[in-house]
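[1] Need the 3D shape of this:
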Amino acid sequence: MAKAETMSTRSPRGTKPVSNTFFAALGSIPAASRAVVAKAAQAMIRDKLKAQQDKTKAAGIKQRTAQSAAARTLAATKKPAAVKTPSAAKSSTKAKATAKKANAPVFKTKATKAAKPAAEVASKKAAPKKAAAVKAAAKPAEMPAAA
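    Coordinates of the predicted model:
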């Protein structure tokens, strides 16, 4: 069996003070129980690190779930944009052209729709006067009778 090569790699930053503190605390333990205490301390450290990692993973999953739920809610509340079909565009332009030919206004808002009856009343009042003026203009002037 081939002998595994030992790799000399650097320890992460902060390893030395942690190990020094661990061994300093372990130095105050009696020599007879030092090995058992060291194993128990390593197991506790390992369990605590694993619990922290699990907690971090759970928080990340919870955050991603909340973000995706918010995105789904936003997508559900967003109204799709109205797509104008060519036939609808033609019909709306035809309606506008017909309204212009008929000399009628194109009503688009509630305010202009409310103003429509007032405009109709005004045009009805002016209609008899216009009709009389048209009749008078169309009527040929009488020639004075010869004396």
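[2] how about Gln67, what does it touch?
    If a contact means Cβ atoms under 8 Å, 6 or more residues apart in numbering, then Gln67 has no contacts. C-beta: built from backbone N, CA, C; applies to glycine.
[3] Please renumber the chain so that the first residue is 57 from this point on.
    In the new count, where the first residue is 57, that last one comes out as Gln123.
[4] Quick check: which element contains it?
    Assigned by DSSP states H and E, Gln123 belongs to helix 90-133.
[5] And the average pLDDT for that helix is what?
    Per-residue pLDDT values across helix 90-133 average out to 89.
[6] tell me which residues of stretch 79-90 are tucked away?
    Within stretch 79-90, no residue is scored as buried using 16 or more other Cβ atoms under 10 Å.
[7] Could you count how many residues lie near Val93?
    As a burial measure, Val93 scores 13 neighbours (other Cβ atoms under 10 Å).
[8] My read is that it contacts Ser84, right?
    No: Val93 is not in contact with Ser84 according to Cβ atoms under 8 Å; the separation is 10.0 Å.
[9] Please parse the protein into its domains.
    Domains of the chain are assigned by automatic domain parsing as 72-133, 145-191.
[10] just to revisit the earlier point, between Val93 and Ser84, what contacts are shared?
    Common contact partners of Val93 and Ser84 (Cβ under 8 Å, 6+ apart): none.
[11] how close does the nearest residue to Arg90 once chain neighbours are set aside get to Lys106?
    Nearest residue to Arg90, sequence neighbours excluded (Cβ to Cβ, 6 or more residues apart in numbering): Leu82, at 6.1 Å. Per Cβ to Cβ, to the nearest Å, Leu82 is found 22 Å from Lys106.
[12] With Thr129 instead?
    Separation of Thr129 from Lys106 (Cβ to Cβ): 35 Å.
[13] swap in Ser124?
    Per Cβ to Cβ, Ser124 is found 27 Å from Lys106.
[14] residues touching Ala94, list them.
    Counting by Cβ under 8 Å, 6+ apart, Ala94 makes contact with Leu82.
[15] circling back to that earlier point, mind checking the SS state of the residue nearest to Arg90?
    With DSSP: H, G, I helix; E, B strand; the rest coil as the basis, Leu82 sits in helix.
[16] list the contacts for it?
    Residues in contact with Leu82 (Cβ under 8 Å, 6+ apart) are Arg90, Val93, Ala94, Ala97.
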